[in-house]
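[1] Next one to model:
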Amino acid sequence: QLQLVESGGGLVQPGGSLRLACTGSGFTLDNDAVGWFRQPPGKEREGVSCISVTGGTTIYADSVKGRFTIFKDNDKNTVYLQMNSLKPEDTGVYYCAASEWKLFSPCVLSNEYDYWGQGTQVTVSS
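    Here you go, the predicted model:
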């Protein structure tokens, strides 16, 4: 069964950090672009960050630039989202998504991905 599994969510105080992980199960992410999305309470899902197949291109939403970092570890078949300086407005369910992608094409922050994880809750609150 092909699936993505997210982990690493939780409750953190403002200014704190979390690292989310997205692991491919039943398939390799070596040839995939991977994106992270989130859905804040009562709002629509939005793109947060994505990484190209080679890892050479990364894209971030303006709201997280300078605070979040996305990176790939092909040995672990995992893409991580390091989130620093967290704010209450970062609260939401975080999803990862993946698709096979052209080798040197940039990733996108839209709903074009074929595989989606079940989501992990991130709550930033004092």
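
[2] contacting residues for the most centrally placed residue in the chain?
    The centre of the chain sits closest to W36, judged by Cα atoms, centre = their mean, with a distance of 2.5 Å. Neighbour list for W36: 20, 22, 47-50, 70, 79, 81, 94-97 [criterion: Cβ atoms under 8 Å, 6 or more residues apart in numbering]. (Glycine included, C-beta is placed from N, CA and C.)

[3] would it count as being in a helix?
    No. Under the criterion used here (DSSP: H, G, I helix; E, B strand; the rest coil), W36 is strand, not part of a helix.

[4] bridging residues for it?
    S49, C96 (DSSP bridges).

[5] Next one: A61 from E100, what distance?
    A61 is 23 Å from E100, where distance means Cβ to Cβ, to the nearest Å.

[6] Let me fix that, I meant to ask about M83.
    When M83 is compared with E100 (using Cβ to Cβ), they lie 26 Å apart.

[7] on that earlier part again, nearest to S125, of the contacts of W36?
    Lowest distance from S125 to the contacts of W36 (Cβ to Cβ) belongs to Y94, with 15.5 Å.

[8] how about the nearest residue to that closest one, chain neighbours excluded?
    For Y94, ignoring the flanking residues on the chain, the nearest one in space by Cβ to Cβ, 6 or more residues apart in numbering is R38 at 4.8 Å.

[9] What is the neighbour count of the one you found?
    R38 has 24 neighbours, counted by other Cβ atoms under 10 Å.

[10] pretty sure it is touching C96, no?
    No. Assessed by Cβ atoms under 8 Å, R38 is found out of contact with C96, at 10.3 Å.
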